[in-house]
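[1] Build the 3D model from these lines:
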Amino acid sequence: MLNIKVVGGGCPNCQKLAQLCQEVLTDNQIAADIEKITDHDKFADLGVFMTPGLILNDTVVSSGKIPSKENLKTWITEASI
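    Got it, this is the predicted structure:
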């Protein structure tokens, strides 16, 4: 199963990224766990130095911005295969 980690302190951008990920999962009927990482001490350990960060199956795919929904769809679809 796909593992998604949204990394950030809970700011509006982090919440928006988590919401977009959920929309992509629902729209494309993809099963995944979404985990929100809010502990600042863990960010660097995960390889995220700017938030919001997005990690798919332990690979950082985005950091410091909110990707477009189309990019998210591509990344999530590829990671779920």
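[2] The closest residue to G53 other than its chain neighbours pairs with what?
    Distances taken as CB to CB, 6 or more residues apart in numbering place V7 nearest to G53, at 3.5 Å, with adjacent residues excluded. From N, CA and C alone the C-beta is placed, and that goes for glycine too. Counting by DSSP bridges, V7 forms beta bridges with I37, G53.
[3] ranges for the helices of this protein?
    12-27, 40-46, 69-79 (DSSP state H).
[4] Dump those helices into JSON lines; add distance to S62 as well.
    Formatted as JSON lines, the helices of the chain follow (distance: least, CB to CB, whole Å):
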{"stretch": "helix 12-27", "distance to S62": "8"}
{"stretch": "helix 40-46", "distance to S62": "12"}
{"stretch": "helix 69-79", "distance to S62": "8"}
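[5] Out of those, which gets nearest to L56?
    helix 69-79 (4.1 Å; CB to CB).
[6] what's the average pLDDT for that closest one?
    For helix 69-79, mean pLDDT is 96.
[7] what angle separates that helix from helix 12-27?
    Orientation check (axes from the mean of the first three to the mean of the last three CA atoms, to 10 degrees): helix 69-79 against helix 12-27 gives 60 degrees.
[8] which one of the helices of the chain lies closest to N57?
    Taking the helices of the chain one by one with CB to CB, helix 69-79 is closest: 5.3 Å.
[9] thinking E35 is in contact with N3, fair?
    Yes - under the criterion of CB atoms under 8 Å, E35 makes contact with N3 at 7.1 Å.
[10] Which residues are in contact with W75?
    L54, L56, V61, S62, P67 (CB atoms under 8 Å, 6 or more residues apart in numbering).
[11] which among those end up buried?
    Burial by neighbour count, 16 or more other CB atoms under 10 Å: within those this picks out L54, L56, V61, S62, P67.
[12] Check what pLDDT M1 gets.
    On the pLDDT scale, M1 gets 89.
[13] Taking the centroid of this protein, which residue is nearest it?
    Centroid check for the chain by CA atoms, centre = their mean gives L54 as the closest residue, at 3.2 Å.
[14] OK, contacts around the residue nearest to G53?
    Residues near V7 by CB under 8 Å, 6+ apart: C14, I37, K42, F43, L46, V48, T51, P52, G53, L54, I55.
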